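*Asks:* what shape does this take:
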Amino acid sequence: MGYQGINNSHIILFDIHSEYKSAFPTSNYIDVEKLILPYWLMNGEELEELFVESGENQSYNQSSILRRVITRNKQKFNDYDENITFDTPVKFSIHEVLNCIINLSKETRKSKQPNIVCLQEEKLFENEQDKFDFYFTDDFEFQETKQGSIKNGTYNDGTLEKFISRIRNKIIDKRLDFLFSEAALNSSFEDTLRQVIGYTSEKEANITILDLSGVPFEVLSITVSLISRLLFEYGYYYKKLVNEQPELQVTPFLLVYEEAHKYVPKLKSAKYNASRTSIERIAKEGRKYGVTAMIVSQRPSEISETIFSQCSNFISMRLTNPEDQNYVKRLLPDVVGAITDSLSTLKEGEAIIIGDSIIMPSLVTIDRCEPQPSSNDIAYLQEWKKEWHNTNFEEIIKKWIK
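*Replies:* Have a look, this model is predicted:
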């Protein structure tokens, strides 16, 4: 707290390289060790992106099974409420879901009575929901197939093996404890929102730094997507509440996406669908609900054009890549062509500011912040001139495999 004049500011900074803790020492700092982001808060698209490999031949079947099994498990955990859907943010057990899918992959049934499943003791199921409810409880053994009397179930053909392995590996991966730990399962919706926004009881803060440097790259996009979507929907429902109760104070957010090209690239790939959808939605609609975005990147030409087209203000520092220079020039009005020609010759700290926030395009010098982020490059020559010293491989490896 304590930024004079902007006491009700709420800034969430996605820090990919662990650079900004030193610049904001009083911030609400959350790294992967502290982050609790329950998997059950994911929507359907995020869950599919996490567990289904889009390039596989069986991806459609995997998505279909995942959708049906998770929906039923959510209903089971919430008094069998049939209004709950795949996207409803309520608790469910990923371990029970895995049990069910494993059982489906091993299932055998009576050839002439397919409703009878051939467990060690045969069991009749009236419908799919009842069978799922039973399969959630354990990993069962099934009878072998017999010519004319016992046949394989619908999914007992080997096509789910990779799918099961992928889910199991995600659940046991210690790097993903922030998603799948017991603490994540038991965390409440409110606890998650309070942590991300900076309303924790121990320390309220205007700036939340989400240090995602410890998040594995394969789930970085989904992590950013989930947090962004939660904040957008928070803003959406908060505005509804303000409309009903005008005495409430508005609490707008600014989401700062550092190294944005890493999770909202122009590249149309399925693994970036969730983050692209979430951030594009904020760029297009967020202002109405008090949720705005700052897109930060050294490679603007690699970022989704939909997002940049919604930006009202641009701060451009030196760009040496011709593709990036041309991309920025295309985004800006023709009348500022002369000033943008200097993009490649700007000095350190110089920037061109263009947009609604300034009367006319300006070339400015930005003061160094104090304290500074830990983003300086390694001074190679100075370090190489020093005496040879040994490296503590044991400590490095301990951190590596933690």
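*Asks:* so what's Asn103 closest to, chain neighbours aside?
*Replies:* In this structure, Asn103 finds its nearest non-sequential neighbour in Tyr135, 4.1 Å apart by Cβ to Cβ, 6 or more residues apart in numbering. Just so you know, the C-beta spots here come from the backbone N, C-alpha and C atoms, and that holds for glycine as well.
*Asks:* what's the answer for Glu350, then?
*Replies:* Spatial nearest neighbour of Glu350, excluding adjacent residues (Cβ to Cβ, 6+ apart): Thr365 at 5.6 Å.
*Asks:* gap between the one you found and Ile352?
*Replies:* 11 Å (Cβ to Cβ, to the nearest Å).
*Asks:* give me the more crowded residue out of these two.
*Replies:* Ile352 (22 against 10; other Cβ atoms under 10 Å).
*Asks:* rewinding a little: quick check: phi and psi on the residue nearest to Asn103?
*Replies:* Backbone torsions of Tyr135, given as degrees, to the nearest 10, read phi -70, psi -20.
*Asks:* if I look at it, how far off is Gln62?
*Replies:* Tyr135 is 17 Å from Gln62, where distance means Cβ to Cβ.
*Asks:* go on, Met317?
*Replies:* Going from Met317 to Gln62 by Cβ to Cβ gives 44 Å.
*Asks:* more neighbours: which of these two?
*Replies:* Taking other Cβ under 10 Å, Met317 and Gln62 do not tie; Gln62 has more neighbours (25 against 14).
*Asks:* in a helix, that's where the more buried one is, yeah?
*Replies:* Yes: under DSSP: H, G, I helix; E, B strand; the rest coil, Gln62 falls within a helix.
*Asks:* in contact with it, which residues?
*Replies:* Taking Cβ atoms under 8 Å, 6 or more residues apart in numbering, we find Gln62 in contact with 51-53, 56, 160, 163.
*Asks:* now, among these, which is nearest to Cys311?
*Replies:* When the contacts of Gln62 are compared for distance to Cys311 (Cβ to Cβ), Val52 comes out closest, at 32.4 Å.
*Asks:* separation between the closest residue in space to that closest one that isn't next to it in sequence and His261?
*Replies:* Sequence neighbours aside, Gln62 is the residue nearest to Val52 in space, at 4.8 Å (criterion: Cβ to Cβ, 6+ apart). Gln62 sits at a distance of 29 Å from His261 (criterion: Cβ to Cβ).
*Asks:* which helix or which strand is home to Ser213?
*Replies:* According to DSSP states H and E, Ser213 maps onto no helix or strand at all.
*Asks:* local confidence estimate at it?
*Replies:* On pLDDT, Ser213 comes in at 90.
*Asks:* residues in contact with it?
*Replies:* Ser213 touches 15-18, 31-32, counting by Cβ under 8 Å, 6+ apart.
*Asks:* so how far is Phe314 from it?
*Replies:* On the measure of Cβ to Cβ, Ser213 and Phe314 end up 27 Å apart.
*Asks:* again, but for Glu96
*Replies:* From Glu96 across to Phe314, the span is 49 Å (Cβ to Cβ).
*Asks:* quick one on the thing from earlier: next one, pLDDT for the residue nearest to Asn103 please.
*Replies:* Predicted confidence (pLDDT) for Tyr135: 96.
*Asks:* that one against Leu98, yeah?
*Replies:* No: the criterion here is Cβ atoms under 8 Å, and Tyr135 misses it with Leu98 at 10.3 Å.
*Asks:* residues contacting Tyr20?
*Replies:* 13, 27, 209, 211, 258, 373.
*Asks:* and it, that one's in a helix?
*Replies:* No: counting by three-state DSSP, Tyr20 is not part of a helix but coil.
*Asks:* pLDDT wise, what is it at?
*Replies:* What the model reports for Tyr20 is a pLDDT of 90.
*Asks:* so what does it have for phi and psi?
*Replies:* Dihedral angles (degrees, to the nearest 10) for Tyr20: phi -100, psi 0.
*Asks:* how far away is it from Asp211?
*Replies:* Per Cβ to Cβ, Tyr20 is found 8 Å from Asp211.
*Asks:* how about Glu247?
*Replies:* From Glu247 to Asp211 the distance is 36 Å (Cβ to Cβ).
*Asks:* which one of these two has more residues nearby?
*Replies:* Asp211 (22 against 5).
*Asks:* name the nearest residue to the more buried one, sequence neighbours excluded.
*Replies:* Leaving aside its sequence neighbours, Asp211 sits nearest to Asp31 (Cβ to Cβ, 6+ apart; 4.1 Å).
*Asks:* mind listing what the one you found touches?
*Replies:* Counting by Cβ under 8 Å, 6+ apart, Asp31 touches 18, 211, 213-214.
*Asks:* which element, helix or strand, includes the residue of the chain most remote from its centre?
*Replies:* Going by Cα atoms, centre = their mean, the residue of the chain most distant from its centre is Gly148, 49.3 Å out. Using DSSP H and E, Gly148 falls within no helix or strand.
*Asks:* is it true that it touches Ser111?
*Replies:* Yes: here Gly148 reaches Ser111: they are 6.3 Å apart, a contact under Cβ under 8 Å.
*Asks:* ok, Thr154 to Lys131 distance?
*Replies:* From Thr154 to Lys131 the distance is 11 Å (Cβ to Cβ).
*Asks:* between the two, which one's more packed in?
*Replies:* Ranked by neighbour count (other Cβ under 10 Å), Thr154 and Lys131 place Lys131 first, with 21 against 11.
*Asks:* now that one: closest residue in space that isn't a chain neighbour?
*Replies:* In space, and not counting its chain neighbours, Lys131 is closest to Phe125: 4.1 Å by Cβ to Cβ, 6+ apart.
*Asks:* mind checking pLDDT for the one you found?
*Replies:* 90.
*Asks:* and Ile6, by the same measure?
*Replies:* Ile6 carries a pLDDT score of 66 in this model.
*Asks:* kindly report the same for Glu161.
*Replies:* On pLDDT, Glu161 comes in at 92.
*Asks:* touching, it and Ser105? I think so.
*Replies:* Yes: the pair Glu161 and Ser105 qualifies as a contact (Cβ under 8 Å) at a distance of 7.1 Å.
*Asks:* ok, the two, which is more surrounded?
*Replies:* A count of neighbours by other Cβ under 10 Å puts Ser105 above the other of Glu161 and Ser105, at 19 against 12.
*Asks:* I'm done for today, thanks for sticking with me.
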